[in-house]
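J.: could you work out the structure for the sequence below:
(one chain, ligands or ions: 1)
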Amino acid sequence: MKLAVFNTHSYDKAFFAEANGQFGLSISYFEPRLTSETAKLAENYPAVCAFVNDVIDREVIEQLAKGGTRLIALRSAGYNNVDMSAAKQYGITVANVPAYSPESVAEYTVGLMLTLNRKIHRAYNRVKENNFALNGFIGFDFHNCTVGVIGTGRIGTAVVKILNGMGCKILAHDIIENNTCIDLGVNYVGLSKLLAESDVITLHCPMTEDNYHIIDEQAINIMKERVMLINTSRGGLIDTEAVIEGLKSGKISNLGLDVYENEKPMLYDDHSNELLLDDVLGRLLTFPNVLITGHQGFFTKDALSSIANTTLFNAKCFYEGKASGNEL
Ligand code: NAI
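T.: Have a look, this model is predicted:
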């Protein structure tokens, strides 16, 4: 029962090793990301484990299939980086970890909102320099403000529960209305109404062909003046250049991003000794009212433990010829 784990960091190894106590798989850990250059490492591994920044396009899938891979066990919920039609064509099953800890991402999302609103990231640096001035730090009460939640699945609903506790008025937009949210008093509206009436907008829908750049110039034009925009879902939901224009004009007062549309080359590695060649990211980093983190919303010990357990369960079921229920 072999499993090749790509894109391994020390923390992945620690949580997988602990979870494997009950599954007994033979795991090989590879540090490189899965790409067309590294797919060869998976030769003779029927099961391969990959993450959000691995490249699982048609070329890689073809190579994996040639090498005998029959399962791609994603250790993530999102699977927009997988060419699903190629996987189907080559007879490769793709499984994910649909729900590991929606609260981990939801709590992080609200953390970004509160940090940006009260300028905690800037206050931290000021006080370190013996500067106790408050100018530029005025925020607003979340109590009674209107938050628009786009996508009310597992994470969106967990966000709604926290915001509800904070006394926010919540508007939501989803293709399927969620009864838990309705019971909490959430008002489902069309996208344009949500954009026009929200003081804070937060994205929790997956990225699909239909909603690529759902936040573009046109959407920003509809928004309230001084809106706060938060994205902890997928970078491609936002047209970053349009958002930069929104920041420059002052229309967007605060931007919190845990994901960025061109994040892949950067993610999870230290590039501090290299030049930043991404001019769009470079411009974003100049704004004091922009807070960017490197796709870490999921990064709690509870989530990592749950991810490792479900991923190994998916691989074990595959080897036993059973369905895990997490096949896509
Ligand atoms: P989910 O599948 O439970 O919920 C997604 C919701 O979005 C569903 O209710 C669906 O109907 C809705 N939706 C789909 N298309 C839509 C559209 N065009 N407009 C409005 N709503 C739409 O997914 P979950 O678990 O809540 O995760 C949401 C996203 O969060 C994932 O797809 C992933 O991209 C992201 N994520 C980010 C993480 C991070 O570390 N920052 C970690 C885990 C997930």
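
J.: just list what the helix of greatest length in the chain packs against, helices and strands only.
T.: Taking DSSP state H as the criterion, the chain has its longest helix at helix 301-319. Of the remaining helices and strands, those touching helix 301-319 by 3 or more C-beta pairs under 8 Å, 6 or more residues apart in numbering; DSSP states H and E are helix 10-19, strand 47-50, strand 71-74, strand 93-95. Just so you know, the C-beta spots here come from the backbone N, C-alpha and C atoms, and that holds for glycine as well.

J.: of these, which stretch is the most buried?
T.: strand 47-50 (a mean of 28; mean count of other C-beta atoms under 10 Å).

J.: okay, now the sheet partners of that strand, with direction.
T.: Counting by DSSP bridges, the strands paired with strand 47-50 are strand 2-5 (parallel), strand 71-74 (parallel).

J.: quick one: D12 from N221, how far?
T.: Between D12 and N221 the distance is 42 Å, computed by C-beta to C-beta, to the nearest Å.

J.: average pLDDT for stretch 96-112?
T.: Averaged across stretch 96-112, the pLDDT comes to 96.

J.: outside of it, which residues touch it?
T.: Residues outside stretch 96-112 that contact it (C-beta atoms under 8 Å, 6 or more residues apart in numbering): 74-79, 154-155, 157-159, 161-163, 166, 202, 204, 230, 232, 256, 258, 291, 293, 296-300, 302-303, 306-307, 310-311, 314, 326, 328.

J.: in PyMOL, how would I select just the buried ones from those?
T.: Selection of buried members from the contacts of stretch 96-112 for PyMOL, criterion 16 or more other C-beta atoms under 10 Å:
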select buried, resi 74+75+76+77+79+154+155+157+158+159+161+162+163+202+204+230+232+256+258+291+293+297+298+300+303+306+307+310+311+314+326
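
J.: so which of the contacts of stretch 96-112 also contact the ligand?
T.: When contact is defined as C-beta under 6 Å from any ligand atom, the contacts of stretch 96-112 meet the ligand at A77, G78, R154, I155, H204, T232, D258, G297, F298.

J.: redo those residues as a markdown table? Include pLDDT and secondary structure.
T.: Supplementary listing: these in a markdown table, determined by pLDDT from 0 to 100; DSSP: H, G, I helix; E, B strand; the rest coil:
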| residue | pLDDT | secondary structure |
| --- | --- | --- |
| A77 | 88 | coil |
| G78 | 86 | coil |
| R154 | 95 | helix |
| I155 | 96 | helix |
| H204 | 98 | coil |
| T232 | 98 | coil |
| D258 | 98 | coil |
| G297 | 97 | coil |
| F298 | 95 | coil |
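
J.: how about the longest helix of the chain as PDB, C-alpha atoms only?
T.: The C-alpha coordinates for helix 301-319 follow below in PDB (Å, rounded to 0.1, in the frame of the first residue of the first chain):
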ATOM      1  CA  LYS A 301      -3.300  21.500  14.300                       C
ATOM      2  CA  ASP A 302      -6.900  20.400  14.300                       C
ATOM      3  CA  ALA A 303      -7.200  20.800  10.500                       C
ATOM      4  CA  LEU A 304      -3.800  19.200   9.800                       C
ATOM      5  CA  SER A 305      -4.700  16.200  11.800                       C
ATOM      6  CA  SER A 306      -8.100  15.800  10.200                       C
ATOM      7  CA  ILE A 307      -6.600  16.300   6.700                       C
ATOM      8  CA  ALA A 308      -3.900  13.600   7.300                       C
ATOM      9  CA  ASN A 309      -6.500  11.100   8.700                       C
ATOM     10  CA  THR A 310      -9.000  11.600   5.800                       C
ATOM     11  CA  THR A 311      -6.200  11.500   3.100                       C
ATOM     12  CA  LEU A 312      -4.800   8.200   4.400                       C
ATOM     13  CA  PHE A 313      -8.400   6.800   4.800                       C
ATOM     14  CA  ASN A 314      -9.000   7.700   1.200                       C
ATOM     15  CA  ALA A 315      -5.800   5.900   0.100                       C
ATOM     16  CA  LYS A 316      -6.500   2.800   2.300                       C
ATOM     17  CA  CYS A 317     -10.000   2.500   0.900                       C
ATOM     18  CA  PHE A 318      -8.600   2.700  -2.600                       C
ATOM     19  CA  TYR A 319      -6.200  -0.200  -1.800                       C
END
